[in-house]
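When you get a sec, could you give me coordinates for this:
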Amino acid sequence: MYPSPFAYHRPAGVAEAIALLRAANGDARCLAGGQSLIPAMKFRLSQPGQLVDLSGIAALRGISLAQGQVSIGAMSTHREVESSPVLAAQLPYLARVAGHIADPQVRNRGTIGGSLANADPAADYPASLLALGGTVEVEGPDGPREIAADDWALSLMSTALAEGEIVTRIRFPLPVPGQGAAYVKVPHPASRFAVVGIAAVLVLDAQGVCTGARIASTGIGETARRAPATEALLVGEAVDADRIARAAARFAAEVEVMDDGLLGEQAKRQLGRMTLRKALREAAARAMAATTNPRPA
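You can find the predicted model right below:
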């Protein structure tokens with residue numbers, strides 16, 4: 001199919017893009033990577049009257065260290081995240097996540113900001129944003145503002161991004177000593193979206209006792225969500241095989257499951273339990289290595 005007619009704009013700066021969105025009175029969509037929007041437009045599931053292409057805005061690109069955090073421009077592609085020397089040295093976890101998104105064609109076009117703004121319930125970045133405690137920077141008619149990871153996703157494909165705002169950058173704190181992170185997903189064989197995906201970040205002391213935990217899932221519910229009861233079960237205890245098994249069982253009980261036609265509720269809970277066990281084992285191993293080796297994991 002072909003999309004319905006639309007006007008096309010390619011602004012050179014953020015202010016120009018915001019002005020175009022404001023003038024459109026809600027009848028415009030931003031084009032970031034286009035890997036979700038263009039197919040939706042071709043099937044006429046989305047029919048914006050105007051398309052604002054953000055690819056010409058240089059300020060929305062680039063990955064750097066800024067004020068003790070990793071700062072990623074919203075228009076940075078998955079491939080740029082995957083291959084970034086800054087992330088390889090400071091936050092290799094995120095590079096690993098990007099490297100398992102879809103296929104090379106999608107990774108070369110899709111962007112981190114576009115993925116977070118689209119908020120697909122099976123996307124990879126939203127769970128990682130939560131697990132890492134990131135911050136989304138946005139800008140709109142009322143100026144710039146910051147949105148914490150826990151406040152970003154609202155419901156199915158709905159975020160805290162207001163009308164007329166665009167995502168400009170995403171910031172992630174640097175790993176602390178003893179921190180290990182892992183993202184494990186069961187990918188759909190066609191789309192490579194997560195049927196179930198678990199992002200686990202653990203902080204362990206030299207004795208292997210957990211001093212911090214952030215667990216987030218994707219593909220299971222209507223949006224990425226943390227698992228606070230599971231996190232609480234881990235903190236203050238040694239992360240051994242028994243504790244991991246108990247945490248996985250707690251997660252399977254607390255997670256909210258959305259019926260997506262792929263798996264039944266019990267099957268998704270079971271798959272989530274198994275996936276979390278693997279993610280916790282990997283995160284704990286990296287965390288223990290980080291207690292003696294300062295290189296981020």
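
from here on, contacts and neighbour counts on C-alpha atoms
OK.

What ranges in the protein fall below the confidence cut-off?
For the chain, applying pLDDT under 70 flags the ranges 1, 294.

what ranges do the strands span in it?
7-9, 28-31, 50-53, 63-66, 69-73, 135-140, 143-148, 153-155, 158-159, 166-173, 179-187, 194-204, 210-218, 225-226 (DSSP state E).

Can you pull out the residues in contact with stretch 39-57?
1-14, 17, 20-21, 24, 27-32, 37, 75 (CA atoms under 8 Å, 6 or more residues apart in numbering).

Check stretch 154-164 too.
Under CA under 8 Å, 6+ apart, the answer for stretch 154-164 is 18, 21-22, 26, 117-121, 138, 140-141, 147, 151-153, 167, 222-223.

ok, now with 6 Å
With CA atoms under 6 Å, 6 or more residues apart in numbering as the test, stretch 154-164 has contacts from 21-22, 119-120, 140, 152-153, 222-223.

And the furthest pair within these?
Taking CA to CA as the measure, those span a maximum distance of 29.1 Å, between 22 and 222.

So between the two, which is more surrounded?
Per other CA atoms under 10 Å, whichever of residue 22 and residue 222 has more neighbours is residue 222, with 22 against 17.

For the more buried one, which non-adjacent residue is spatially closest?
Spatially, and ignoring its direct neighbours in sequence, residue 222 is nearest to residue 156 (4.8 Å; CA to CA, 6 or more residues apart in numbering).

What number of residues are in the vicinity of that neighbour?
Neighbour tally, residue 156, other CA under 10 Å: 15.

how far away is it from residue 274?
Distance of residue 156 to residue 274, given as CA to CA, to the nearest Å: 24 Å.

ok so, going back, the contacts of stretch 154-164 in helices, which ones?
Among the contacts of stretch 154-164, DSSP state H puts 21-22, 152 in helices.

possible to save these as a markdown table with distance to residue 282?
Output for these, formatted as a markdown table (distance: CA to CA, whole Å):
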| residue | distance to residue 282 |
| --- | --- |
| 21 | 43 |
| 22 | 46 |
| 152 | 27 |
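
what about the nearest residue to residue 187 once chain neighbours are set aside, distance to residue 222?
Spatial nearest neighbour of residue 187, chain neighbours left out: residue 194 (4.5 Å); criterion: CA to CA, 6+ apart. Between residue 194 and residue 222 the computed distance is 13 Å (CA to CA).

for residue 120, same thing?
Note on residue 120: its distance to residue 222, by CA to CA, is 9 Å.

May I have stretch 272-289 as PDB, with CA atoms only?
What follows is stretch 272-289 as a C-alpha-only set of coordinates in PDB (Å, rounded to 0.1, in the frame of the first residue of the first chain):
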ATOM      1  CA  GLY A 272      10.200 -14.500  31.900                       C
ATOM      2  CA  ARG A 273      11.300 -16.600  34.900                       C
ATOM      3  CA  MET A 274      13.900 -18.500  32.800                       C
ATOM      4  CA  THR A 275      15.100 -15.300  31.000                       C
ATOM      5  CA  LEU A 276      15.600 -13.500  34.300                       C
ATOM      6  CA  ARG A 277      17.600 -16.300  35.700                       C
ATOM      7  CA  LYS A 278      20.000 -16.100  32.800                       C
ATOM      8  CA  ALA A 279      20.200 -12.300  33.000                       C
ATOM      9  CA  LEU A 280      20.900 -12.400  36.700                       C
ATOM     10  CA  ARG A 281      23.700 -15.000  36.300                       C
ATOM     11  CA  GLU A 282      25.400 -12.900  33.600                       C
ATOM     12  CA  ALA A 283      25.000  -9.600  35.500                       C
ATOM     13  CA  ALA A 284      26.300 -11.200  38.800                       C
ATOM     14  CA  ALA A 285      29.300 -12.600  37.000                       C
ATOM     15  CA  ARG A 286      30.100  -9.200  35.500                       C
ATOM     16  CA  ALA A 287      29.600  -7.500  38.800                       C
ATOM     17  CA  MET A 288      32.000  -9.800  40.600                       C
ATOM     18  CA  ALA A 289      34.600  -9.200  37.900                       C
END
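
Can you mark which positions in stretch 283-296 are buried?
Using 16 or more other CA atoms under 10 Å as the test for burial, stretch 283-296 gives 283-291, 295-296.

I'd like to know which of those residues is nearest to residue 242.
Closest approach to residue 242 among the buried residues of stretch 283-296 (CA to CA): residue 284, at 13.2 Å.

which of the strands of the chain is buried the deepest?
strand 194-204 (a mean of 28; mean count of other CA atoms under 10 Å).

got a list of contacts for that strand?
Against strand 194-204 from outside (CA under 6 Å, 6+ apart): 122, 127-128, 178-188, 210-220, 276, 287.
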